[in-house]
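[1] One predicted model, sequence on top.
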Amino acid sequence: GRYKIDKTEPVHESETCTVYFGKDFAKNPSDEKHNVAIKIMYKKENFDRELKARVKYIDRVEIDKDIEEYNNMFEKDHVVSLYRYHEYKDETNEKDCYCLILAKGTKSLHHIIDSERIAGCNVDKIRNYGKDLAQAIQ
């Protein structure tokens with residue numbers, strides 16, 4: 001297939017999704033879009049909500065097609081970019097799956113807070129994280 005998952009263990013797992021890091025073999029290894037995060041979602045309503053939250057002009061995106069950077073709702077310096085999305089219909093066991101292909105982030109907010117000693121030390125950085133997070137979830 002187009003994607004290969006790096007490890008069998010997910011980097012994130014919740015009730016609504018599972019996220020793996022992987023490679024997009026349709027992209028050259030030197031392309032920044034070669035290393036990706038593959039977010040697998042199992043409920044159409046959750047998938048649609050996230051897609052609408054990430055895309056500025058929903059009528060300009062198509063399934064399986066690259067999404068232009070200008071069409072991402074947020075700047076890539078603040079929220080990982082959405083590269084494309086896929087939908088898989090499974091007629092045999094009725095377990096459809098919806099997939100967002102995202103930029104592979106270098107760190108999670110949890111990792112930053114846990115390891116970079118910003119709590120109580122860098123108020124401006126914490127304030128900026130809070131602003132970015134509030135903007136992303138509104």
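    Received the coordinates, thanks. Numbers count the residues shown, from 1 in each chain.
[2] Show me where the protein has its strands.
    3-5, 12-13, 17-24, 35-41, 82-88, 97-103 (DSSP state E).
[3] Could you list the single helix or strand in the protein with the lowest mean pLDDT?
    helix 109-115 (a mean of 71; mean pLDDT, DSSP states H and E).
[4] how about low-confidence regions in this structure?
    93, 108-110, 113, 118-120, 136-138 (pLDDT under 70).
[5] quick one: the residue nearest the centre of it from Asp59, how far?
    Centroid-nearest residue in the chain: Leu102, 3.8 Å away (criterion: CA atoms, centre = their mean). Computed as CB to CB, to the nearest Å, the Leu102 to Asp59 distance reads 21 Å. In this view, the C-beta of every residue, glycine as well, is placed from N, C-alpha and C.
[6] How about Gly1?
    Note on Gly1: its distance to Asp59, by CB to CB, is 28 Å.
[7] same question, Tyr3
    In terms of CB to CB, Tyr3 sits 26 Å off from Asp59.
[8] beta partners of the residue nearest to the centre of the chain?
    Taking DSSP bridges as the rule, Leu102 bridges to Ala37, Leu82.
[9] mind checking which of the strands of the chain is nearest His111?
    strand 12-13 (11.3 Å; CB to CB).
[10] partners of the closest one, with directions?
    Sheet pairing for strand 12-13, using DSSP bridges, gives strand 17-24 (antiparallel).
[11] Assess the claim that Ile63 and Lys89 are in contact.
    No - using CB atoms under 8 Å, Ile63 makes no contact with Lys89, being 11.3 Å away.
[12] With that, I have no additional questions.
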